[in-house]
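Asks: Show me the folded form of this:
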Amino acid sequence: MSAQIAFCLIALGFRMRAMSQEPVSPKRSVWGGVGCLVLFIGPFVATGAFMWCLSISQLVDWYKAQSWVEVPARIWSAELRIEMGDEAPGYFVDAEYEYVYQGRRFIGTRVALQPGGDSIGTFHHDVAAELKEYARAGKPFRCFVNPKNPAEAVLYRTVRAEVIHFYVLFVLAFGGIGWAFANHVATQAVRAKHRARLQRRFPQQPWRWLPEWSEEGIPSSAGKMARTSLMWTIFVVGATAPSIIASAVDDRPDAHVWHRLGWIHRGLVVAAMVATVVLFARRAKYGRSRLFLDGGLAVPGEVVSGLITVARHARSLVRVVEHFYCQQEGKTFVSGDETEAPPKVILWERSCVLEGPGLLDATNRGVLPVRFRLPESVNETQMTDEGLAVIRWFLDVKGKADGLDYFEKFEVPVFRVLTAKTSDSDPEEKKLASESDVSQSDQTLLASGVIVERFPPDTVAFTRSRKNALTAAVATTFFFLPVFAGGGIALHWVGAPVAFPIIFCVVATVAVLAAWSHWLDKQRIELNEQELFIIRRFIGPERLRRIALSDVATVEINQIGYSGRHALFELLLKSTSGERTVLLQPLKGRQAAEIIAGEIRRRVEAACSRARDGAEARGTSPTDERSAWRKSST
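Replies: Numbering: from 1, shown residues only. Okay, the predicted model is just below:
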């Protein structure tokens with residue numbers, strides 16, 4: 001069956017690729033690209049389906065064998081045969097036995113329900129030793145005979161849970177990749193079809209080309225996330241069902257050893273179910289949310305204003321953080337035989353904090369105001385299909401409440417239009433552009449995990465918050481150690497190559513050490529009018545370093561990775577001597593890094609200006625001033 005599925009997928013992929021090379025309509029060209037992706041995901045889907053079918057076939061054979069009749073059998077011979085493989089030897093049990101059923105004598109050679117041999121566990125060694133003992137002593141053994149076909153018999157009709165657990169690992173790995181790609185291909189094909197229809201309907205309005213943009217109000221992605229989670233839960237339940245059933249029906253005395261792998265699979269099922277229940281419960285609590293923008297889109301150089309409607313429980317929201325950002329995504333595409341996937345990069349972002357309970361409009365629905373100012377230089381939304389990077393704008397809204405928190409994500413259309421107003425025509429926009437609110441910047445930094453302290457007369461300190469680091473470290477420890485380290489040890493028990501447990505244990509160790517180091521690492525910088533203090537403490541006493549602001553050449557912002565939906569950045573200071581020093585890392589969001597870097601640059605410019613003025617007044621050079629400062633500091 002799995003071979004037929006794989007053959008059909010490969011044949012369909014070749015057909016679609018041939019179609020994509022013909023001068024046909026754009027609709028067929030889209031499906032031709034899908035065919036190329038089918039060629040890629042076909043082996044993953046076929047491997048996962050094949051291993052799942054093997055697991056199911058063993059359970060089906062076990063179920064059928066439960067109705068077979070037990071009769072005495074005489075063991076004539078039994079041997080353990082070893083065949084050397086590439087990585088591990090394979091063990092087989094060759095046996096011959098005689099049994100009588102309904103007055104007829106039969107000769108059997110089938111030992112277990114699973115045909116062939118393997119190196120998983122000690123089943124073959126135990127069976128060979130037991131059968132040899134019965135053959136040597138001449139004692140009667142037992143076998144199970146198929147009453148519908150008496151020539152078919154087996155000595156052991158138990159389910160080998162360790163083998164099914166091993167098969168399910170392949171189902172989860174290869175089938176999961178195939179499931180993800182298949183879902184992505186199907187979703188993109190449907191979206192491309194709807195987008196082509198909307199392009200023909202609104203050729204001059206690209207801000208209406210996506211299905212969610214064509215509706216009244218932009219719907220959030222909460223429903224899509226819940227449906228995707230439900231699909232993954234169905235996949236995990238279906239993939240791990242053979243393993244869970246095998247753990248329940250394996251009645252061997254040493255079966256408890258293999259049940260540990262079954263518990264890992266049960267844990268995956270519980271985690272998937274909990275995630276799905278939380279998403280649907282959040283949607284049931286707050287209802288459907290929509291984003292209504294003034295004018296239906298956002299325009300660079302103007303103020304983006306609008307509101308978000310919350311259907312239910314808006315009064316329970318006490319603190320709402322709105323995060324508006326521009327993301328450059330690498331579009332995976334096929335060009336000949338090459339597949340490219342550039343990384344995601346955050347190009348622009350801003351955050352806003354709303355305090356207090358949600359407001360209610362005339363329809364008794366919660367209303368959250370949205371107001372951001374977009375610079376003229378930002379990128380507009382790009383949805384090209386020529387293999388270029390895709391520019392997308394998102395608005396993440398996260399609210400604190402009793403019980404389940406509020407979270408919604410909207411994709412916002414950002415386009416330049418000819419009817420856009422200039423920034424000089426709106427007095428309120430000019431006032432918003434000229435405001436420099438320190439408390440708002442402090443709230444933005446606090447939302448990004450940076451604590452701001454200000455001391456008179458002109459000293460400011462930035463400390464990386466470790467508020468949630470301890471909880472994350474404990475959670476990482478309790479997740480990675482049982483799952484990865486326990487899974488590696490369980491694989492070693494079932495006879496897998498030693499490289500598997502080593503890799504699993506290394507991954508668990510690295511994850512746990514990284515989580516605890518994030519909590520132990522204290523990072524703080526202080527700025528006054530002349531100096532920059534860098535304070536570090538990992539384990540032991542604090543280490544203090546002083547740098548003259550006039551000695552700072554540049555302050556760089558580098559993206560170092562991702563944490564969930566947020567990009568992580570670091571502040572890198574480069575001195576006039578070429579030395580590089582990391583000030584703070586990781587910082588959640590580019591806006592926080594820009595605020596801190598802007599404060600440092602402003603003070604550096606002021607310090608350099610004062611140093612030049614002082615050097616001119618004393619008839620010395622700024623270099624001599626810096627050298628004298630270093631000697632006095634030392």
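
Asks: what's the spacing between the one helix or strand A606 maps to and its chain's center?
Replies: A606 is part of helix 590-618 when elements are defined by DSSP states H and E. Its chain's average C-alpha position is 40 Å from that of helix 590-618, according to Cα atoms, centre = their mean, to the nearest Å.

Asks: who does it touch, helix- and strand-wise?
Replies: If contacts are counted by 3 or more Cβ pairs under 8 Å, 6 or more residues apart in numbering; DSSP states H and E, helix 590-618 sits against strand 345-355, helix 438-447, strand 522-527, strand 552-563, strand 566-575, strand 580-588, helix 622-633. Backbone N, C-alpha and C define where each C-beta goes, glycine included.

Asks: mean confidence score for the second one?
Replies: Here helix 438-447 scores 68 as its mean pLDDT.

Asks: Repeat that for the first one.
Replies: Computed over strand 345-355, the mean pLDDT rounds to 82.

Asks: The fourth one too?
Replies: Mean pLDDT, strand 552-563: 82.

Asks: elements contacting it?
Replies: Using 3+ Cβ pairs under 8 Å, 6+ apart as the test, strand 552-563 ends up in contact with strand 566-575, strand 580-588, helix 590-618.

Asks: Farthest from the middle of the chain: give me that residue.
Replies: G103 (63.6 Å; Cα atoms, centre = their mean).

Asks: list the contacts for I502?
Replies: G488 (Cβ atoms under 8 Å, 6 or more residues apart in numbering).

Asks: That one in helix, strand or coil?
Replies: helix (DSSP: H, G, I helix; E, B strand; the rest coil).

Asks: Now the one helix or strand A186 maps to: buried residues?
Replies: Counting by DSSP H and E, the element that carries A186 is helix 176-201. Residues of helix 176-201 classed as buried: 176-182, 185, 188, 192, 195, 198 (neighbour count, 16 or more other Cβ atoms under 10 Å).

Asks: tell me how far that helix is from the chain's mean position?
Replies: 20 Å.

Asks: other SSEs contacting it?
Replies: Using 3+ Cβ pairs under 8 Å, 6+ apart, helix 176-201 sits against helix 26-65, helix 222-249.

Asks: what angle sits between that helix and helix 222-249?
Replies: 160 degrees (axes from the mean of the first three to the mean of the last three Cα atoms, to 10 degrees).

Asks: Next secondary structure after helix 176-201?
Replies: Following helix 176-201 in sequence, per DSSP H and E, is strand 218-219.

Asks: what about the stretch 251-400 of the chain, any weak spots by pLDDT?
Replies: 253-260, 330-343, 356-365, 384-389 (pLDDT under 70).

Asks: Show me where it has its helices.
Replies: 255-286 (DSSP state H, counting those that start in this stretch).

Asks: For beta bridges, what are the partners of the residue lying closest to A314 once chain neighbours are set aside?
Replies: With sequence-adjacent residues excluded and distances taken as Cβ to Cβ, 6 or more residues apart in numbering, A314 is closest to G366, at 2.1 Å. In this entry, G366 is beta-bridged to V310, L360, by DSSP bridges.

Asks: Could you say which helix or strand holds A515?
Replies: Going by DSSP H and E, A515 is in helix 499-520.

Asks: Quick one: mean pLDDT over that helix.
Replies: Mean predicted confidence for helix 499-520 is 77.

Asks: do the same with stretch 401-420
Replies: In the prediction, stretch 401-420 has an average pLDDT of 81.

Asks: from memory K400 sits against V318, does it?
Replies: Yes: using Cβ atoms under 8 Å, K400 is in contact with V318, at 5.5 Å.

Asks: Quick one: the buried residues of helix 176-201 as TSV, columns for pLDDT and distance to Y286 too.
Replies: As requested, the buried residues of helix 176-201 are exported to TSV (pLDDT from 0 to 100; distance: Cβ to Cβ, whole Å):
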residue	pLDDT	distance to Y286
G176	85	30
I177	85	33
G178	83	34
W179	82	29
A180	83	28
F181	79	32
A182	78	31
V185	76	31
Q188	76	29
A192	77	31
R195	80	29
L198	82	29
